[in-house]
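J.: Quick one: sequence and predicted model below, then my questions.
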There are 2 protein chains.
Amino acid sequence: MEIVCLDLEGVLLPEIWICFAERTGIAELRLTTRDVANYDELMKKRLAILKENRLGLREIEQVISGMNPLEGARDFLERLKTQFQVLVLSDTYYEFAAPLMVKLGSPTLFCHTLEVADDGTIVNYRLRQQDSKKMAVRALHDLNFRVVAVGDSYNDTNMLSEADAGILFRAPENVVEQFPRFPHTQTYEELRDRIQESAERIREGAPN
Amino acid sequence: MEIVCLDLEGVLLPEIWICFAERTGIAELRLTTRDVANYDELMKKRLAILKENRLGLREIEQVISGMNPLEGARDFLERLKTQFQVLVLSDTYYEFAAPLMVKLGSPTLFCHTLEVADDGTIVNYRLRQQDSKKMAVRALHDLNFRVVAVGDSYNDTNMLSEADAGILFRAPENVVEQFPRFPHTQTYEELRDRIQESAERIREGAPN
């Protein structure tokens, strides 16, 4: 049986931090790992900015509730779920993603958690595990599933490599060039076709 | 983070084989592991009966399309998915469950597959792995999730024991008596409360 593992931001949702920065007008929150290479440093900086601006979990949820999934994402997902088992693998945090997941029909999401104080202040972040997307694909393999993985960025390529088939969706040029073995798709229709093709290929290749 | 693992038949759906036997009027298909202890023997027998009655996948799907989830199951599941990540773990087959899963909103299902010939005849069954529900809980533990598991029958008790918290739902008397450590629930409301309680208890007990 095949399971389709989808990255979240860039595949089904807009980039949450960037969207959040735009809506709150706090430009500094646009920082990504391209600007601050060390993830821990980046997250600590983000949490400090949130605190400075008195943005606790409730305020953040309110801003995020105003965002929407990418156009066509919900229909794509609804249809995909009738053909395959689907898991969403992401490095975001449940607390951030929650209001948007509801708009996607609440698919099963594996990601990380935030540590929130009683007054709503976000105190810290907790990664469930390192390289969590790749580890999830490995766990699915141990359960004898075959995996088609879909991602949009450099940090998805470990997951794509670990899967039986990897597909890029609206990826930046440099990722597409560096990983020519992953087909690159631009629309949900193309993506659906590629997933279907990959699943059939995997099925033929592996008799169990 | 907590994941809730739900058994399918008896928790969200009626027993598919029994319902199928009733709707087709083929009483022999009511046989369960209580009548034929060896699962392989039982499945071979079932497949032979289907073949004798010229019931291929299409006919089976048609019958199953007429069935419905347990009353209240969809609402229960929809609400649960907004509070927790949910996986459905079952020993049924994707091909049987498919029409009913759509009626449940297509939650992610881990189960087994049938081998179907081009003419629709069901040729064989393929277990994804032995003790698959328990193995899935173990894999989730490896991914640092904490697990609340819900089941209704003897074959769920391995999964319930492997989980951080196990809950019985509408279980037969002998299972309830043999496993007094698992709370027994009768309604979806009770079940929801118990899941909530268990998740809170687990969270307090384990700081990560």
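T.: Cool, got the structure.
J.: tell me which residues in the helix or strand where residue A:177 lies are buried?
T.: Following DSSP states H and E, one finds residue A:177 within helix A:173-178. Using 16 or more other Cβ atoms under 10 Å in any protein chain shown as the test for burial, helix A:173-178 gives residue A:175. The way it works is simple: take the backbone N, C-alpha and C, and place the C-beta from them, glycine included.
J.: How about stretch A:124-131?
T.: A:125, A:127, A:128.
J.: now swap in stretch A:46-60 and tell me
T.: Here stretch A:46-60 shows A:46, A:47, A:49, A:50, A:55, A:56, A:57, A:60 as buried, counting by 16+ other Cβ under 10 Å.
J.: can you list the residues of chain A near chain B?
T.: With Cβ under 8 Å from any Cβ of the partner chain as the criterion, chain A meets chain B at residues A:1, A:78, A:81-82, A:85-87, A:94, A:98, A:102, A:105-110, A:112-113, A:126, A:128-129, A:132, A:135-136, A:139-140, A:142-145, A:208.
J.: Which of the residues you listed fall in helices?
T.: Mapping the residues of chain A next to chain B onto helices (DSSP state H) picks out A:78, A:81, A:82, A:94, A:98, A:102, A:132, A:135, A:136, A:139, A:140, A:142.
J.: and the residues you listed, which are buried?
T.: A:81, A:94, A:98, A:132, A:135, A:136, A:139, A:140.
J.: Can I get the biggest helix by length in chain A in CSV? Just the C-alpha atoms.
T.: Taking DSSP H as the criterion, chain A has its longest helix at helix A:188-205. In CSV, the C-alpha atoms belonging to helix A:188-205 read as follows (Å, rounded to 0.1, in the frame of the first residue of the first chain):
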residue,chain,number,x,y,z
TYR,A,188,-2.1,20.5,-8.4
GLU,A,189,-3.3,18.7,-11.5
GLU,A,190,0.3,17.9,-12.6
LEU,A,191,1.1,16.9,-9.0
ARG,A,192,-1.8,14.5,-8.9
ASP,A,193,-0.8,12.9,-12.2
ARG,A,194,2.8,12.5,-11.0
ILE,A,195,1.7,11.0,-7.7
GLN,A,196,-0.5,8.5,-9.6
GLU,A,197,2.3,7.6,-11.9
SER,A,198,4.9,7.2,-9.1
ALA,A,199,2.5,5.0,-7.1
GLU,A,200,1.9,2.7,-10.1
ARG,A,201,5.6,2.5,-10.8
ILE,A,202,6.4,1.6,-7.2
ARG,A,203,3.6,-1.0,-7.2
GLU,A,204,5.0,-2.7,-10.3
GLY,A,205,8.5,-2.6,-9.0
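J.: and the two most separated of the ones in helices among the residues of chain A next to chain B?
T.: The distance between the two most remote of these (Cβ to Cβ) is 30.7 Å, for A:102 and A:142.
J.: Check the buried residues of stretch A:46-60 and tell me the two furthest apart.
T.: Between any two of these (Cβ to Cβ), the greatest distance is 14.7 Å, for A:49 and A:57.
J.: Now stretch A:72-92: buried residues?
T.: Quick answer for stretch A:72-92 (16+ other Cβ under 10 Å): A:73-74, A:76-77, A:80-81, A:84-92.
J.: Check stretch A:24-33 too.
T.: A:24, A:26, A:29, A:31.
J.: Would you mind giving the residues you listed as TSV with secondary structure added?
T.: Below are the buried residues of stretch A:24-33 laid out as TSV (DSSP: H, G, I helix; E, B strand; the rest coil):
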residue	secondary structure
A:24	helix
A:26	coil
A:29	helix
A:31	coil
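J.: Export those as TSV, with columns for pLDDT.
T.: Putting the buried residues of stretch A:24-33 into TSV (pLDDT from 0 to 100) gives the following:
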residue	pLDDT
A:24	94
A:26	95
A:29	91
A:31	86
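J.: Closest to residue B:161 out of those residues?
T.: Of all the buried residues of stretch A:24-33, residue A:29 has the smallest distance to residue B:161: 45.1 Å, by Cβ to Cβ.
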